[in-house]
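[1] Sequence plus predicted model, see below.
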Amino acid sequence: MQVCDMDFDRDTSAGYLANLLARQFARHLEAALRPHGLALGAFPALLHLWERDGLTQKDLVDRLGIEQPTMAATLSRMERDGLVTRARDETDARVQRIRLTLRGRALQAVATAEAQALNARALAPLSPQDRDRLLATLKTVIQALS
């Protein structure tokens, strides 16, 4: 067994820290959304559907950067929970359009308010300039890995 010359330090690992932060955000957001009957897994897809209802499953896969089977399972749960419906496209029967239900639309205000409150809580220790710098830096790193 070969040992690296350098020890891995998770306190200076951007990947480790980003993963830890993402898991903490997910845990807190899940707890905030649960009382509203909304599962965490549906939230990213809903964000895109609230911006543009009627996207296709492929659109959502591309926008969220997840695998097709994962998206299919998520949409099935969302359909079961009464958040979306799937219907054939009027011009291309091979395509299914994902449409928000009244319940799916109605959850937008409360779900986004919960997410905004969590973001505000997480970023509260930072100055406005540091918040802006953090968000810009995160976008730069995401772009570098895209």
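    In hand now; what should we look at? All values derive from a computational prediction rather than experimental measurement.
[2] Could you use CA atoms for every contact and neighbour count after this?
    Fine.
[3] Mind jotting down where the helices sit in this protein?
    14-33, 43-51, 57-64, 68-80, 102-123, 128-145 (DSSP state H).
[4] Leu33 reaches Gly41, doesn't it?
    No. With contact defined as C-alpha atoms under 8 Å, Leu33 does not reach Gly41; the gap is 10.5 Å.
[5] just for the chain, where's the confidence low?
    1-6 (pLDDT under 70).
[6] do you know how far the residue nearest to the spatial centre of the chain is from Val110?
    Centroid-nearest residue in the chain, with C-alpha atoms, centre = their mean: Pro44, separated by 3.3 Å. For Pro44, the distance to Val110 equals 14 Å [C-alpha to C-alpha, to the nearest Å].
[7] Kindly report the same for Gln57.
    24 Å.
[8] more crowded one of those two?
    Gln57 (19 against 13; other C-alpha atoms under 10 Å).
[9] which residue packs closest to the residue nearest to the centre of the chain, ignoring adjacent ones?
    The shortest distance from Pro44 to any non-neighbouring residue, by C-alpha to C-alpha, 6 or more residues apart in numbering, is to Leu64 (7.3 Å).
[10] ok, now how distant is that neighbour from Ala87?
    Distance from Leu64 to Ala87, by C-alpha to C-alpha: 21 Å.
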